[in-house]
Each structure stands twice: as C-alpha cells, then as structure tokens.
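**Q** With the input below, show me the fold.
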Amino acid sequence: MNKSQLIKFTDLILFLGFLLLISTGLLMKYVLPPGSGQDMIWSLSRHGWGDVHFYIAAIFLAVLCLHLFLHTKFIRSALVGKNGGTARRTWLLAIVAIIILLLVFAPLFSVVEYGVGGGQGGGRGGGGGTHWEQRHHR
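**A** Have a look, this model is predicted:
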C-alpha cells in the first residue's frame, strides 16, 4: 500500500469512526439517558455503550495520529512557511503547542473532589464518591 492509498484509508476510517462516535454519543444521551436503569440495546446497557464509545474514540485518536504523521510535510510547510519562518514565529508556535498539550492532559493530573454536590449522591448508588468507593464501602 503506497502513501496515497494509506491516506485514503485513514480518511475513510476517520470518517466512519466519527460517524460511530456521533451515533453512540447520541444513543447514550437520548435513547439510554442517565437513570435508564437496565434498558438495553443489542444486549448492551448504557455503560456497555459507554465502553464501546470509549474504544471507538481510542482507535479514532490512534488513526488521527497516523493521519497527522502522514501529513507532517504539509503541516510543517503550512505553519512555518516556504522560507522557514522567523525564529519568533517558531517559538510562538512551540509555546502554543505546549499550552495546548497542557490543556489536553490537565484533567489526567487534576485532583478528584469527592462528595461535592451537597449529598445528592452519584447515580443510583447514592452517597457520592466514585463507583469503586461505593462498592468498597469507603
């Protein structure tokens, strides 16, 4: 498979993945909303569809990285320009890229606040906290 065919293939996979993300997201939002209990579609509950949605998103992200890698020459020329750009512009782009990466990964390193919300509870289990804490009697 040459580069052109690989780009077309990744574009197709990204398009299908995007459609699947939309459909599973809409399914979880409107057909199986929070509190839908044991309702199921194709033997999957809301949580099962959440897992499907997550795995589609992970595959989508991996294929998107491949897509960007296949277009690095274009991206570099679009950002820096044909003449190589100025040092100031290059540093500005680097700083913007670092800020974007920090914003993307910030939730992974954020502190989880348990019991926030005035005792409303977290879902059907009540009592707040994470699912793991509810199961293991925090």
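
**Q** what helix or strand does the residue positioned nearest the centre of the chain sit in?
**A** For the chain, the residue nearest the mean C-alpha position is Ala57 (5.5 Å; C-alpha atoms, centre = their mean). For Ala57, the host element (DSSP states H and E) is helix 46-70.

**Q** now swap in Ile100 and tell me
**A** Using DSSP H and E, Ile100 maps to helix 87-105.

**Q** Can you list the buried residues in that helix?
**A** For helix 87-105, burial by neighbour count (16 or more other C-beta atoms under 10 Å) applies to no residue. Yep, even glycine has a C-beta here, placed from its N, CA and C like the rest.

**Q** just stretch 7-19 next, same as before
**A** For stretch 7-19, burial by neighbour count (16+ other C-beta under 10 Å) applies to 10, 13-14, 17.

**Q** what's the offset of that stretch from the middle of its chain?
**A** How far stretch 7-19 lies from its chain's middle: 16 Å, per C-alpha atoms, centre = their mean, to the nearest Å.

**Q** got it, and stretch 14-27?
**A** On the basis of C-alpha atoms, centre = their mean, stretch 14-27 is displaced by 12 Å from the centre of the chain it belongs to.

**Q** Likewise for stretch 38-46?
**A** Taking C-alpha atoms, centre = their mean, one finds stretch 38-46 lying 22 Å from the centre of the chain it belongs to.
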